[in-house]
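Colleague: Need coordinates for the below:
(one chain, ligands or ions: 1)
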Amino acid sequence: MHTVADVASAQTRLLDFKRHGLRVGFVPTMGFLHEGHLSLMRLARARCDHLVASIYVNPLQFGPNEDLDQYPRDLERDTALCESVGVDTLFVPPDLYDGDHSTTVRVQELTDGLCGASRPGHFDGVTTVVARLFGIVQPDVAVFGEKDYQQLAVIRRMVRDLCLPIEIVGGPLVRDVDGLALSSRNKYLNASDRSRALTLFAALQAIANSGSPSVSERLAIARPIVQADSVDYLSIVHPSSLKPLETIDGPARALVAAHVGSTRLIDNIGL
Ligand code: PAF
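Modeller: Numbering: from 1, shown residues only. So this is what the prediction gives:
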């Protein structure tokens, strides 16, 4: 595995592989890797000749009162994990933007609800960094986790709207043995927070297991199950438009975001 920190060197190196006909796969991350990230890298590995992973904690996607400074980092461990799943190039830029960077990539509407409502500007930061990373890596295929379900939908829309020749693959959410969706932020949870965090998945399971076609009935069953300090949303939406549904008569997705202690957690399930 080759590690590269500089934007221009990364772009030159990867363009060269493409010129030689190699199919480039890409998994962007913010590091502090867990089995969820590794599962995305394995998915990408099977779909490409040259696998690139990036680690960059992107300041643009953090709000002023969010955890940018505390975001967990462990580059040495992450490097070993990337190597263990067959990453060929690990891109670890200390800085990604030029001092006079002036472009924002914004996907409208899809970013209005769910996490977009409680984290204004978050998805603009995500799409801006992902577009820039796509420009540097120029992948043929990129893999994103279904854990960040809205992010995956937003990136799919950006790629479609901008006609980027990149196949976007969604990787299934990975859970710990107790059912908690894997997240780098789980590190913040103490034992009692963790058991309350598990109620998010319990609520989603109750929604999935209810046979009712009525969204309001399913939500009424699930709401009392969530033992969080505050709930940003518990919603049932169309899987690609992310519009709230009233009746379940086709594919749907239930999503939740809530604060447990100082940690904001998200989870989702297909219906
Ligand atoms: O999902 C993440 O870790 C980040 O949002 C991403 C896609 C790496 C962009 O910073």
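Colleague: for the stretch 151-271 of the chain, which spans come out with low pLDDT?
Modeller: Within the stretch 151-271 of the chain, not a single segment meets pLDDT under 70.
Colleague: where exactly do the strands run in it?
Modeller: Applying DSSP state E, counting those that start in this stretch to the stretch 151-271 of the chain gives strands spanning 167-171, 230-237, 253-260, 263-270.
Colleague: And the third one, how far out from the chain middle?
Modeller: If you compare the mean C-alpha spot of strand 253-260 with that of the full chain, they lie 14 Å apart, counting by CA atoms, centre = their mean, to the nearest Å.
Colleague: before we move on, the earlier item: deepest-packed of the strands of the stretch 151-271 of the chain, please.
Modeller: strand 253-260 (a mean of 23; mean count of other CB atoms under 10 Å). Just so you know, the C-beta spots here come from the backbone N, C-alpha and C atoms, and that holds for glycine as well.
Colleague: tell me the angle of it relative to strand 263-270?
Modeller: Strand 253-260 and strand 263-270 are oriented at 160 degrees to each other (axes from the mean of the first three to the mean of the last three CA atoms, to 10 degrees).
Colleague: quick check: longest helix of this protein.
Modeller: helix 191-209 (DSSP state H).
Colleague: buried stuff in it?
Modeller: 193-194, 196-201, 203-204, 206-207 (16 or more other CB atoms under 10 Å).
Colleague: Please see if stretch 110-126 touches the ligand.
Modeller: Yes. Using CB under 6 Å from any ligand atom, stretch 110-126 comes into contact with the ligand via residue 126.
Colleague: for stretch 171-191, that is, sorry about that
Modeller: No. Legend: contact between stretch 171-191 and the ligand by CB under 6 Å from any ligand atom is lacking; minimum distance shown is 8.0 Å.
Colleague: Which of the residues in that stretch are classified as buried?
Modeller: Buried-residue list, stretch 171-191, by 16+ other CB under 10 Å: 171, 173-174, 176, 180-186, 188-189.
Colleague: which non-adjacent residue is nearest the residue nearest the centre of the chain?
Modeller: In the chain, the centroid-proximal residue (CA atoms, centre = their mean) is residue 148; its distance is 3.8 Å. Once flanking residues are discounted, residue 148 sits nearest to residue 266: 7.1 Å by CB to CB, 6 or more residues apart in numbering.
Colleague: Can you give me the distance of that neighbour to residue 24?
Modeller: Remark: distance between residue 266 and residue 24 (CB to CB, to the nearest Å) = 29 Å.
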